[in-house]
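Engineer: 3D model of this:
(chains A and B)
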Amino acid sequence: DGGITQSPKYLFRKEGQNVTLSCEQNLNHDAMYWYRQDPGQGLRLIYYSQIVNDFQKGDIAEGYSVSREKKESFPLTVTSAQKNPTAFYLCASGNYRGLQPQHFGDGTRLSIL
Amino acid sequence: QKEVEQDPGPLSVPEGAIVSLNCTYSNSAFQYFMWYRQYSRKGPELLMYTYSSGNKEDGRFTAQVDKSSKYISLFIRDSQPSDSATYLCAMSAGGTSYGKLTFGQGTILTVHP
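Structural biologist: Numbering: from 1, shown residues only, chains lettered A, B, ... in the order given. All right, here's what the predicted structure looks like:
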């Protein structure tokens, strides 16, 4: 079955540590997205990528970095510069022109130790 | 003012009730409208996707879009306990917006047996 796989489901970060969240899709979608979800809030866009080797900042990119070396993969690194990283992180993929709706993975919950 | 405002709820209804979930938006460039359902600790699941004013029906779900009033709704008929979840509206301008979605903050729905 086609879908989006995020790993790990739960992740803990120590002070000063960078952590990387994995996102893989087998839907053959061009575009991939990373969102952050905080309690009582909608999803906020961190980074997005329309094609391999290209990506753009979303609304809350500070303290995060991404790469897009393969069409299927879009890992997100939460750096030590992100001072409030505790949140639910969601990866999505879709058609880059928005002509098809985005599909989401089941998320990674990141907490601070 | 946020681009997308969603009735915050929470909403609690008895089984079999008709549920109405609503969002308003301010950006007239939005062309594509989605409703997602999100269960606890899971990623959002696409329920409805539409790009024109009017009604779209799928089983017990009806999505309504009124572009002139910048208002969208999701109606759930014969609600079931399994419908208990957070419902998110989302919209996109398409085209050069590269499929970026803007979300409402979500409405928590509980359907009591």
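Engineer: what comes up buried for the helix or strand containing A:Leu21?
Structural biologist: Assessed by DSSP states H and E, A:Leu21 sits inside strand A:19-25. Using 16 or more other C-beta atoms under 10 Å in any protein chain shown as the test for burial, strand A:19-25 gives A:19, A:21, A:23-25. Backbone N, C-alpha and C define where each C-beta goes, glycine included.
Engineer: avg pLDDT for the helix or strand that it is followed by?
Structural biologist: Counting by DSSP H and E, the next helix or strand C-terminal to strand A:19-25 is strand A:31-37. The average pLDDT within strand A:31-37 is 94.
Engineer: what does chain B put close to chain A?
Structural biologist: Contact residues (C-beta under 8 Å from any C-beta of the partner chain) of chain B with chain A: B:4, B:6, B:8, B:32, B:34, B:36, B:41-46, B:49, B:88, B:90, B:92-95, B:97-101, B:103-106.
Engineer: does chain B sit close to stretch A:39-51?
Structural biologist: Yes. In terms of C-beta under 8 Å from any C-beta, part of stretch A:39-51 sits within range of chain B, namely A:40-45, A:48, A:50.
Engineer: who does the nearest residue to B:Met48 once chain neighbours are set aside bridge with?
Structural biologist: With sequence-adjacent residues excluded and distances taken as C-beta to C-beta, 6 or more residues apart in numbering or on different chains, B:Met48 is closest to B:Ala63, at 4.0 Å. For B:Ala63, the beta-bridge partners are B:Lys56, B:Leu74 (DSSP bridges).
Engineer: OK, contacts around B:Ala63?
Structural biologist: B:33, B:35, B:47-48, B:50, B:55-57, B:72-75 (C-beta atoms under 8 Å, 6 or more residues apart in numbering or on different chains).
Engineer: let me have those in JSON lines, extended by distance to B:Gly16 and neighbour count.
Structural biologist: Shown next, in JSON lines, are these (distance: C-beta to C-beta, whole Å; neighbours: other C-beta atoms under 10 Å in any protein chain shown):
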{"residue": "B:Phe33", "distance to B:Gly16": "27", "neighbour count": "25"}
{"residue": "B:Trp35", "distance to B:Gly16": "21", "neighbour count": "25"}
{"residue": "B:Leu47", "distance to B:Gly16": "19", "neighbour count": "19"}
{"residue": "B:Met48", "distance to B:Gly16": "21", "neighbour count": "21"}
{"residue": "B:Thr50", "distance to B:Gly16": "26", "neighbour count": "17"}
{"residue": "B:Asn55", "distance to B:Gly16": "21", "neighbour count": "12"}
{"residue": "B:Lys56", "distance to B:Gly16": "23", "neighbour count": "15"}
{"residue": "B:Glu57", "distance to B:Gly16": "19", "neighbour count": "12"}
{"residue": "B:Ile72", "distance to B:Gly16": "24", "neighbour count": "28"}
{"residue": "B:Ser73", "distance to B:Gly16": "19", "neighbour count": "17"}
{"residue": "B:Leu74", "distance to B:Gly16": "17", "neighbour count": "23"}
{"residue": "B:Phe75", "distance to B:Gly16": "14", "neighbour count": "17"}
